[in-house]
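> how does the following fold in three dimensions:
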Amino acid sequence: MSELIFLEPIFKKTVWGGDKLKRVYGFDTPGGTGECWLVSAHPAGDCFVASGKYAGMKLSRLRREHGELFGGEGDFPLLIKLIDAKSDLSVQVHPDDGYALAHENSRGKTECWYVLDAEEGAELVLGHNAADREELIKMAGEGRWEELLRRTPVKKGDFFQLEPGTIHALCGGVTVLETQQSSDITYRLYDYGRLENGRPRQLHLEKGLEVVNCPYVPPEDEREVAADGDCRREILVTCEFYTVEKITVDGSAALEWPSYAALAVICGGGTADGNPVRAGSAFIVPDGHGKTRLEGRLTLIAARPAELYLGVDLGGTNIAAGLVDEKGRILRRASVPTLAHRPIGEIVDGMASLCRSVAGASYAAVKAVGVGCPGTVDHRSGTVRYSNNIPMKDVPMAEMLEERLGRPVALENDANAAALGEWTVSGGNSLVLITLGTGVGGGAVLDGRLYRGFNGAGFEPGHMLADPDGPACTCGNRGCWESLASATALVRQTAEAMETDGGSLMHEWVKNNGLDGRTAFACAALGDAAAIKVRDGYIRHVGRGLASLLNLLQPEVIAVGGGISNEGESFIAPLRDFVYALDFNKYCKKTLIRAARLRDGAGIVGAAVSAKNKYGEKRRENYD
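Here you go, the predicted structure:
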């Protein structure tokens, strides 16, 4: 087992620094020391390894020469510091990666604060009161800073995530532990007219105002708490760049992280793998270290790099890709035309280029890539056995994309991926997703596991037999559910009704808006009898299929997606009533029937989650 890596801190004197780093944390520092860089490989403060086999080596060199301690090659992405504000810091803002790379050839700066101490009446500057950028620039130009700035009362134990573009400032009497991207880029907006060496400190008003988010939207509290014996773990935030948690031990605990992690003791004392630690100690748990034993009465903040995934939704018309965090949230996304009839190698080239573009500067943190693909796929080998929408037969899709991206790739059927994505945001034990589009597609997660059938071709609900004398289906059979319940079928049913009722309001609607799935619903809302008949008949067609699935599976949730679900409760409410009337279950808890939540993002999230399940640090044992 590798040893813990203890670091020597670096101290910075500032115009606003106090004496708590010496008085509270026992560091031998002069007065006015405002910052203690506990964990840093930044050129402006590169920590030395304090002990052990790597003693005397700078952290940046250790990262460069011993990538095995950090899960591979790359830079050290985090910077952790103690900040003691005796007086107010300047009001500032940080750019994001895109702006910083373009204007400063640097990373941007996302950071967070855990409040270690706050005097009575202490506060922070957090956000602004301008309604838009025009008002922001006007108020700043007129020097109306006190009117512009939002001030927030603060107390010990508070936590704040500061996204790029957030105006902020620590105020006097506050001590924090700051975790941030390894960047020292700051745009100073306002400094209260203070002098440094007899001169006003430099401001960066033009660039700063350009990157401020308008309007200011307060972040949501994401804390998640888990207790286990003598240990309490509280996830404070998970974002694109890091996951930060607070750990409280009263006794003994053996803890593990999915990758390397940097820990700072903020209170108390004890041992870490037998090494004495106290408030102000900082160390790195290397990748693959296994469990770290913490003993004593101590509180720590642990930070680790983000675990990111790319999800690709490959469609016949467009390729959509998104950068997805470990919670299944899409951080950003983009799409390009598929151009489906070009050679498959060119399509894969387009997928790879889109993935790199979406990931941007965070590509190094991407663990794996997931692809949702139409057709019959072998998820174990990553092969597309057959696809009609994009002409493919026995294409080694995962292997081809891995060669271009240098990341492992998980392949999944697109409908299955969408169901997995919808289940990820829903939670629970089981979910069925039905999408009403050109056909009727869907997927099912049963007992927490994606259902694929023994051969990977399972769960094609659109081809359940609904009416043996019904319309011809594109598969060659007659009366498949999708021939009656797809959006395509709804348009056909609408057109047939218009042919038999020349006075229907639907004729006027079509002149102005065209014929589509909305036609019957819009005109039914206006009281048109022919449209009401189409709408109600369509709801019955959809409902009979859902009732069959409900009685067969009894899932916790049936989610209905596709464009028609945008009708909301005007569609879902009568559909739900119709299905419940056919439900064999009369005595147990009812399945929730609702519109899909993720809409067109389900495929991206599900593909990314599929990659996480197969290749992530916490792999699902039942992936197959």
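
> which helix runs longest in the protein?
helix 529-553 (DSSP state H).

> quick one: buried residues of it?
Of the residues in helix 529-553, those with enough neighbours to count as buried (16 or more other CB atoms under 10 Å) are 530-535, 538-539, 541-550, 553. To be clear about C-beta, it is placed using only N, CA and C from the backbone, and glycine gets the same treatment.

> can you list the strands that the helix or strand of the chain with the lowest mean pLDDT pairs with?
The least trusted helix or strand in the chain, going by mean pLDDT, DSSP states H and E, turns out to be strand 195-196, with a mean of 76. Neighbouring strands of strand 195-196 in its sheet, by DSSP bridges, are strand 199-200 (antiparallel).

> tell me the helix or strand right after the partner strand.
Note on strand 199-200: by DSSP states H and E, the next helix or strand toward the C-terminus is helix 205-211.

> and the contacts of that next one?
Defining contact as CB atoms under 8 Å, 6 or more residues apart in numbering, one finds that helix 205-211 is touched by 92-96, 99, 103, 133, 136-137, 140, 164-165, 187-189.

> repeat for stretch 426-437
415, 418-419, 422-423, 440-448, 461, 485-488, 490, 542, 545-546, 549, 553, 555-565, 596-597, 602.

> can you check stretch 228-235 too?
222-227, 243-253, 255, 294.

> now it: buried residues?
So stretch 228-235, judged by 16+ other CB under 10 Å, has buried residues C231, R232, R233, I235.

> SS state for P30?
Three-state call for P30 (DSSP: H, G, I helix; E, B strand; the rest coil): coil.

> low pLDDT regions in the stretch 101-250 of the chain?
Across the stretch 101-250 of the chain, nothing is flagged by pLDDT under 70.

> go again using 90 as the cut-off
192-202, 219-230 (pLDDT under 90).

> got a list of contacts for stretch 403-411?
Contacts for stretch 403-411 (CB under 8 Å, 6+ apart): 310, 348-349, 351-352, 355-356, 366-371, 373, 377-379, 382-384, 397-399, 401-402, 607, 610-611, 613-615.

> let's see it at 7 Å
Stretch 403-411 has contacts (CB atoms under 7 Å, 6 or more residues apart in numbering) with 348-349, 352, 355, 366, 368-371, 373, 377, 379, 382, 397-398, 401-402, 610-611, 614-615.

> are any of those residues buried, and which?
The buried subset of the contacts of stretch 403-411 - by 16+ other CB under 10 Å - is 348, 352, 355, 366, 368-371, 373, 377, 379, 382, 397-398, 401-402, 610-611, 614-615.

> among the residues you listed, name the ones in helices.
Short answer: these in helices (DSSP H) are V348, A352, C355, M397, A398, L401, E402, S610, A611, K614, Y615.

> domains of this protein?
5-211, 224-305, 310-377+397-418, 421-602 (automatic domain parsing).

> distance from the third one to the middle of the chain?
From the chain centre to the centre of domain 310-377+397-418 is a distance of 16 Å (CA atoms, centre = their mean, to the nearest Å).

> can you tell me the distance between the two ends of it?
By CA to CA, to the nearest Å, the extent of domain 310-377+397-418 from end to end equals 14 Å.

> how about the last one?
Its first and final residues considered, domain 421-602 spans 5 Å by CA to CA.

> mind pulling up the pLDDT for the nearest residue to A365 once chain neighbours are set aside?
Using CB to CB, 6 or more residues apart in numbering and skipping residues adjacent in sequence, the residue nearest A365 is L308, 4.7 Å away. Looking at L308, its pLDDT stands at 95.

> for L308, give the beta-bridge partners.
Here L308, judged by DSSP bridges, has bridge partners V366.

> tell me how many other residues surround it.
22 (other CB atoms under 10 Å).

> residues in contact with Y25?
Going by CB under 7 Å, 6+ apart, Y25 touches L82, A279, G280.

> in which helix or strand would I find the first one?
Under DSSP H and E, the secondary-structure element containing L82 is strand 78-85.

> pull out the buried residues from that strand.
So for strand 78-85, counting by 16+ other CB under 10 Å, buried means L78, L79, I80, K81, L82, I83, D84, A85.

> what's stretch 110-126 in contact with?
Residues outside stretch 110-126 that contact it (CB under 7 Å, 6+ apart): 91, 149-164, 167-171, 173-181, 236-237, 239, 241, 244, 246, 266, 301.

> no no, stretch 608-617
For stretch 608-617, contacts defined as CB under 7 Å, 6+ apart pick out 258-259, 307, 309-311, 324, 326, 328, 367-370, 408, 410, 412, 417, 420-421, 424, 619-620, 623.

> distance between the ends of stretch 51-65?
17 Å.

> quick one: mean pLDDT for it?
Mean predicted confidence for stretch 51-65 is 96.

> where exactly do the helices run in the stretch 501-624 of the chain?
506-513, 518-525, 529-553, 569-581, 602-615 (DSSP state H, counting those that start in this stretch).

> repeat that for the stretch 1-150 of the chain.
20-23, 59-65, 97-104, 133-141, 145-148.

> packing partners of the second one?
Read that as helix 59-65. strand 41-42 (3 or more CB pairs under 7 Å, 6 or more residues apart in numbering; DSSP states H and E).

> and the spatially most central residue of the chain, how close does it get to G456?
Nearest to the mean C-alpha position of the chain, by CA atoms, centre = their mean, lies R329 at 2.6 Å. Distance, R329 to G456, by CB to CB, to the nearest Å: 28 Å.

> what about Y580, how many residues nearby?
Count around Y580 with other CB under 10 Å applied: 16.

> in contact with it, which residues?
Y580 makes contact with K590 under the criterion CB under 7 Å, 6+ apart.

> any idea how far W481 is from it?
Where W481 is concerned, Y580 sits at a distance of 19 Å (CB to CB).

> for T488, what are its contacts?
So T488 contacts T438 (CB under 7 Å, 6+ apart).

> which SS state does it fall under?
Under three-state DSSP, T488 comes out as helix.

> ok, of the contacts of stretch 426-437, which come out buried?
Buried among these (16+ other CB under 10 Å): 415, 418-419, 422-423, 440-445, 461, 485-488, 490, 542, 545-546, 549, 553, 555-565, 596, 602.

> out of those, which are inside strands?
V440, G441, G442, G443, A444, V445, V557, I558, A559, V560, G561 (DSSP state E).

> among these, which one sits closest to V510?
Closest approach between those and V510, by CB to CB: V440, at 24.0 Å.

> okay, and the beta partners of the closest one?
Judged by DSSP bridges, the bridge partners of V440 are L436.

> that one contacts S483, correct?
No: using CB atoms under 7 Å, V440 is not in contact with S483, being 8.9 Å away.

> distance between the ends of stretch 595-602?
For stretch 595-602, the end-to-end distance is 13 Å (CA to CA).

> coming back round to it: out of the helices of the stretch 501-624 of the chain, which is closest to G198?
When those are compared (using CB to CB), the closest one is helix 602-615, at 54.5 Å.

> give the contact list for the residue nearest to A365.
E240, L323, V324, D325, S362, A365, V366, K367.

> buried ones from these, can you make that a PyMOL selection?
To isolate the buried members of the contacts of L308 in PyMOL, using 16+ other CB under 10 Å:
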select buried, resi 240+323+324+325+362+365+366+367
